[in-house]
Each structure stands twice: as structure tokens, then as C-alpha cells.
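Asks: For reference, the sequence and a predicted model appear below.
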Amino acid sequence: MNEEKALKNLINKNVVRKMARLISSFYPSFNTHKFIKQASQLEDLELKDRVGHVSKTLKLELTRNFKSDALILRKVLGTHELKGFELWPISEYISENGLDHFEEAFDLMYLLTQDFTSEFAIRPFLKKDFNRCLKKLSKWIEDENVHIRRWVSEGTRPILPWGGKIQAFIENPITLKLIEKLKYDEELYVRKSVANHLNDLSKSHPLLVIKTIKRWESNAPLKHLSKITWIKKHGLRTLIKKGVPEALLLMGANQKVSCELLKFNLIKKSFSLGEELIFELEIKSCAKATQNFIIDYGIHFRKASGKTSVKIFKLKSLKLLPGQSILIKKKHSLKKITTMTYFSGLHQLHLQINGKIYDKLNWYFSC
């Protein structure tokens, strides 16, 4: 069972019944029977469609007035009985219906985030009036709740998976002011979001991100240096894969690394859906001093047009002494996933060391 199918089952009939019970306890006029009947029609829907369906049905059976609905939903959220993905339909309801009721919507998102996340719900608000949103979020940077602090960074990411792009933040990286204040957060959960936020920004402002991380590292007190080192590694990952020299140097890796590729081969030349692409490589350091190696690999997947599109994957980061060699074996799964469509035909595999391509191998794929 793939991840999407596993996740979609988190929005199910039992969740609908629980939601109906909680809402009706605070809003007796709620048509529980009708809501359950309509909102439970989920069998043929995937995760996001299930969320949207329950949210739309919720709107039909509430008061049709967002301010009144917000009072009811505040009480529901206050019970903390709905947890995790069970809250996503309410998050969706806020984003779809609360745009003209900023304060009420933000109060709901603040409550909801403590048990789930409002990173998706906040996106329409950011697109409508990001200055007002950022002013509100800046007050919660030091909130005692880790989920709120993480929301400040995650919700404002320029490119959020499942959350779409905020073009204003892609063009003008003003969100750096927010994540700057979260870089020393004691929770890795928050710092991981900061790193992902930087990685988003690096796709449109690479030199700014490099300069920012370099400044953070230079100014970090000793007790916080390991936090910045972790953020650096994950925040620069896209630039490392692209072989940007300044990013590599920040990781202690020189693009002009001195090495010899002793071996690079596939276990076979043809693979099928569900198999593992298995390859091995051996490299030797040829320098007179210890060198840092960042080893990645790229798979050139065949598209429907017959052309290929490359995707870079992390393999290994290591140090090698003068004359030292290392043998690495890697298995890459070719299993079916919802985010990937495979096409039969010629593919390629390339090896990348410190941002430079060293060798390419052809292989064939059959669906």
C-alpha cells in the first residue's frame, strides 16, 4: 500500500462521526444525521479530496456565518479531542471561508495549530495580505508552544509541499526576518522548518541564502553552533546538488577535489517496476591532505515525450585520508508511487562528487 492510500484513510467515517458529536454538543441545531450521511461519502476520494469534501459539507450544516461558526469551532478545538489529520477539514474550512474575517480566522488557526498545523490554512491569507499576516506571526515567534513557533516558519515557506507557492516571498525574501529569530530554537522540529525555508529561498536567492548561513555561522555563540551546522547542511541541500561552489565551500568541500574513480557500475542493465536499481562505486583520494567528499547521484528519468529529466539524490558525505579509498553500494527503489510516473525505455545514472559529474551509465526500464 502506498503512502497516499495509507494517509487518506485517516479521514474516515469515524472521524466524521466524532466531528459531528463534538459540534452538536456546542451547536444543538447542527443536523448531525445529514452531516454524517453526506460527509461520509469518501470511498472513491483521495486524501485532499476527502478533506475538501468534509469541509464543504461542514459549511452547509453550520450557521453559514463565519463569525458564528468560529465561536462554535473554538469550543470544539478547545476540547482537544480531534487530533492530527482529523483536524484538517476544519483547517480547510478556515482557509476557504475566513478570508474576510482575519482576527477570527487567526484565532482559530492559533488554536488548531497546537493539535495539528495551520500551514495550509494560512496560505490564502498570506496571498491576500502578507504584511498583516507577518505582523501577526511575528508576535508568536517566542510562543511557548513548539507547534506555534514552527508554524511561523513552515506556514510562510515560499514553496510549501501541498501548500503551493507564495510568489511575493519568492520575489522578495522578507520572511528571512522571521526565521532569523528561530535559528537557535531549542526544538529540532522548529529548526528543521527553518532549514526547509532556507532551502526554498535558495532556489530563487542562492547567494543571499549562502551569505545568510555564513553570517549565522560566524556570529553563532559556541552553545548554538551545532544548531547552525545542522541548519546549514539541510538548508543548502539544493545548492549542493546543483554544485554551487560557494555552498560546497561552506560545507568544507572543494569542487576541485583530487580523486580517482576506480569503479562505477550497475549490477545489470535492465530493470522493471518494483525492483531496485543497484549500483556500486569506489573512489580514491589522491590529495596529500584529508579531503571532504559529498557524493550524490542523478537519475535521468524518461518522460512521455521521450526526453529525460534528471533528479539528484543524496548518497554519502565523508572524509578520506591521503590515498584512502572507499567502496559504496547503493540500492534505489523503483517501486510505484503516486508522485512518480515511469516510462519504458533508456534511462541514465550519473555520479556526482562535490558538485561535478564524474561518469554516466545507461540502463533500461520496463513498466
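Replies: Looks like it arrived, so ask away.
Asks: Show me this structure divided up by domain.
Replies: 1-121, 259-366 (automatic domain parsing).
Asks: Pipe the ones you listed into a markdown table and attach mean pLDDT, distance to residue 152 and mean neighbour count per row.
Replies: All C-beta atoms are positioned from the backbone trio N, CA, C, and that covers glycine. Shown next, in a markdown table, are the domains of the chain (pLDDT from 0 to 100; distance: least, CB to CB, whole Å; neighbours: other CB atoms under 10 Å):
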| stretch | mean pLDDT | distance to residue 152 | mean neighbour count |
| --- | --- | --- | --- |
| domain 1-121 | 93 | 10 | 18 |
| domain 259-366 | 95 | 27 | 15 |
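Asks: Let me have those in CSV, extended by distance to residue 185.
Replies: Below are the domains of the chain laid out as CSV (distance: least, CB to CB, whole Å):
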stretch, distance to residue 185
domain 1-121, 16
domain 259-366, 24
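Asks: and the nearest residue to residue 38 once chain neighbours are set aside, what does it touch?
Replies: Residue nearest to residue 38 in three dimensions, not counting chain neighbours: residue 57, with 4.7 Å by CB to CB, 6 or more residues apart in numbering. Residue 57 makes contact with 35, 38-39 under the criterion CB atoms under 8 Å, 6 or more residues apart in numbering.
Asks: Residue 312: which of these is nearest?
Replies: Nearest to residue 312 out of these is residue 39 (CB to CB; 42.0 Å).
Asks: hang on, isn't the closest one packed against residue 55?
Replies: No: the pair residue 39 and residue 55 does not pass the contact test of CB atoms under 8 Å, sitting 9.1 Å apart.
Asks: Which one of the contacts of residue 57 is nearest to residue 75?
Replies: residue 35 (16.8 Å).
Asks: Is that closest one part of a helix or strand, or is it coil?
Replies: At residue 35 the chain is in helix, as set by DSSP: H, G, I helix; E, B strand; the rest coil.
Asks: Assess the claim that it and residue 16 are in contact.
Replies: Yes: using CB under 8 Å, residue 35 is in contact with residue 16, at 7.4 Å.
Asks: picking up where we left off before, which one of the contacts of residue 57 is nearest to residue 73?
Replies: Taking CB to CB as the measure, residue 73 sits nearest to residue 35 out of the contacts of residue 57, at 14.0 Å.
Asks: quick one, phi psi at the residue nearest to the spatial centre of the chain?
Replies: Note on the chain: the residue nearest the mean C-alpha position is residue 161, at 5.3 Å, using CA atoms, centre = their mean. When quoted as degrees, to the nearest 10, the phi and psi of residue 161 stand at phi -50, psi 130.
Asks: State whether residue 87 is indeed within a helix.
Replies: Yes: under three-state DSSP, residue 87 sits within a helix.
Asks: That one is in contact with residue 115, isn't it?
Replies: Yes: with contacts counted by CB under 8 Å, residue 87 reaches residue 115, the gap being 6.0 Å.
Asks: anything in contact with each of the two?
Replies: Common neighbours of residue 87 and residue 115 (criterion: CB under 8 Å, 6+ apart): residue 77.
Asks: circling back to that earlier point, of all the domains of the chain, which one is nearest residue 170?
Replies: Taking CB to CB, domain 1-121 is the member of the domains of the chain nearest to residue 170, at 16.9 Å.
Asks: how close does residue 18 get to residue 83?
Replies: As judged by CB to CB, to the nearest Å, residue 18 and residue 83 stand 10 Å apart.
Asks: Now the common contact residues for those two.
Replies: With contacts defined as CB under 8 Å, 6+ apart, no residue is adjacent to both residue 18 and residue 83.
Asks: Given the helix or strand containing residue 363, what are its sheet partners and their directions?
Replies: In this assignment (DSSP states H and E), residue 363 forms part of strand 356-366. Paired with strand 356-366 in the same sheet, following DSSP bridges, are strand 270-272 (parallel), strand 345-353 (antiparallel).
Asks: Mind putting those strands into a markdown table with distance to residue 139?
Replies: Output for the strands paired with strand 356-366, formatted as a markdown table (distance: least, CB to CB, whole Å):
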| stretch | distance to residue 139 |
| --- | --- |
| strand 270-272 | 53 |
| strand 345-353 | 44 |
